[in-house]
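Engineer: this one's structure only:
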């Protein structure tokens, strides 16, 4: 005996039907009770097309439904990175499609007012750190650092990582 699994005519019909349904070789083999190789051999012998594999997530195309969801998420105030995480695309893909849709994500940049600059000057004068001032003002420590340099507090502000 050759050790090959004998596939009946009804098994061949099942293979053809399951391939049309989009089943994978593994699923067909489990259904029939044979090896994946047997299913592949009989698929080729019958002249049937090979099953199509779903593209990996990094090759997935953006659909109209994805674009509509992007617009909805932009309108809700999310940034491109957050949208990318929710939809499973890279951030640059989201940005490219938002540009095509002429939609812009909400800016995360906080514009400091003159009162904020005075507050930064006062807090840094009291010896507060960049992080403490940033928490107080409600922006990033990079923003505080740049604002302090802009208002002439170069010597009072030490960049992060610098020795005291």
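Structural biologist: That came through fine. Because the structure is a prediction, the values reported are computed rather than measured.
Engineer: CA atoms for contacts and neighbours, from now on please.
Structural biologist: Noted.
Engineer: mind listing what's buried along the host helix or strand of residue 92?
Structural biologist: Residue 92 is part of helix 91-100, with elements assigned from DSSP states H and E. For helix 91-100, a neighbour-count test (16 or more other C-alpha atoms under 10 Å) marks 91, 94-95, 97-98 as buried.
Engineer: can I get these in TSV with pLDDT?
Structural biologist: Converted to TSV, the buried residues of helix 91-100 look like this (pLDDT from 0 to 100):
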residue	pLDDT
91	83
94	86
95	85
97	84
98	81
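Engineer: all helices of the protein, in order?
Structural biologist: Counting by DSSP state H, the chain has helices at residues 9-20, 25-32, 36-45, 64-75, 80-87, 91-100, 114-125, 130-137, 141-150.
Engineer: and of those, who's closest to residue 51?
Structural biologist: helix 9-20 (6.1 Å; C-alpha to C-alpha).
Engineer: neighbouring contacts of that closest one?
Structural biologist: Contact partners of helix 9-20, identified using C-alpha atoms under 8 Å, 6 or more residues apart in numbering, comprise 28, 32, 39, 42-43, 48-51.
Engineer: now for these, which pair is the farthest apart?
Structural biologist: 32 and 49 (18.5 Å).
Engineer: higher neighbour count, these two?
Structural biologist: For residue 32 versus residue 49, neighbours defined as other C-alpha atoms under 10 Å are more numerous around residue 32 (17 against 11).
Engineer: next, count neighbours for the closest residue to the more buried one other than its chain neighbours.
Structural biologist: Nearest in space to residue 32, with sequence neighbours left out and distances taken as C-alpha to C-alpha, 6 or more residues apart in numbering, is residue 11 at 6.7 Å. Residue 11: 17 surrounding residues under other C-alpha under 10 Å.
Engineer: give me the pLDDT for residue 11.
Structural biologist: Residue 11 is assigned 87 on the pLDDT scale.
Engineer: look up how far residue 64 lies from it.
Structural biologist: Computed as C-alpha to C-alpha, to the nearest Å, the residue 11 to residue 64 distance reads 39 Å.
Engineer: cool, and residue 123?
Structural biologist: In this view, residue 123 and residue 64 are 50 Å apart by C-alpha to C-alpha.
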